[in-house]
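Enquirer: Everything below, folded, please.
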Amino acid sequence: MFGLVASGRLVNTSVQSAGPNQFFFTLEQVEGINHIVVFLTGELPFSDGFAGAIYFGWPGAGVEAGLDGVAWQFLGYISNDKPSAIFKLAKVKPSEGPAEQNPFGQCSMMEAPMTHDALLGISVEPLAQIRQLTPAASTQASSQQTFVEFTQKMLENFSNYASSFAVDVTGINPSQTYIPASVLNQWFTTFQRRLQMNPDFWKSL
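Expert: Numbers count the residues shown, from 1 in each chain. Down below sits the predicted model:
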């Protein structure tokens, strides 16, 4: 019924049952996973009015956790009308926010993961109930609108930077100003370095 794709890995359809309406995947060596996609395989749809709440379970570290030390955080959901969803895991850590009330606390079939592994739980619940939940911060993958905003900010920054180095060149069209080619390399190097230090720095430009 469910499938999972972790960035850089093969498709995983080895979902395990944790109860009548609860399922889970084991994410091995989760530190190397930045994004995941959870989807319906099309084999069996949800019952009318129900959807799958998706939770990320990380071995607990200083937070209230259930299931023998697993801290759960709500990521989002999939439904018949929304059969797939992509999530960013790079910043999902228990210490960054409160853990959800353990949705898998009564599931004796589910074991806590090893230190470098995590769990991806799916709980089939009423859609109206799921929509009341708030996803963990920084888990939603970038949307097209965010990409457009980033591109606009980047181009504006480049234009302002390059324009500040514009010069007149004697003997060439006096109505035009020119920018040394070295300025392009300087801007690119600086922008790339700042992006590596803080991927969201452009939002404050």
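Enquirer: Just say helix, strand or coil for Arg9.
Expert: When classified by DSSP: H, G, I helix; E, B strand; the rest coil, Arg9 comes out as coil.
Enquirer: So what sits opposite the residue nearest to Leu133 when sequence neighbours are not counted in the bridge?
Expert: Beyond its immediate neighbours in the sequence, the residue positioned closest to Leu133 (C-beta to C-beta, 6 or more residues apart in numbering) is Phe74, lying 4.9 Å away. C-betas here are computed from N, CA, C, even on glycine. Using DSSP bridges, the bridge partners assigned to Phe74 are Tyr55.
Enquirer: Could you measure from Phe74 over to Phe56?
Expert: Here Phe74 is placed at a distance of 8 Å from Phe56 (C-beta to C-beta, to the nearest Å).
Enquirer: Same drill for these two, tell me which one is more crowded.
Expert: When Phe74 and Phe56 are compared for neighbours, Phe56 comes out ahead with 25 against 21, by other C-beta atoms under 10 Å.
Enquirer: for that one, what are its contacts?
Expert: Trp72, Gln73, Leu75, Phe87, Leu89, Val92, Ala118, Leu119, Leu120, Gly121, Ala136, Thr139 (C-beta atoms under 8 Å, 6 or more residues apart in numbering).
Enquirer: swap the cut-off to 7 Å and go again
Expert: Phe56 sits next to Gln73, Leu75, Leu89, Val92, Ala118, Leu120 when contact means C-beta atoms under 7 Å, 6 or more residues apart in numbering.
Enquirer: Specify the beta-bridge partners of the residue minimising distance to the centre of the chain.
Expert: Central residue of the chain (C-alpha atoms, centre = their mean): Lys88, 1.2 Å from the mean position. Here Lys88 sits in beta bridges with His35, as judged by DSSP bridges.
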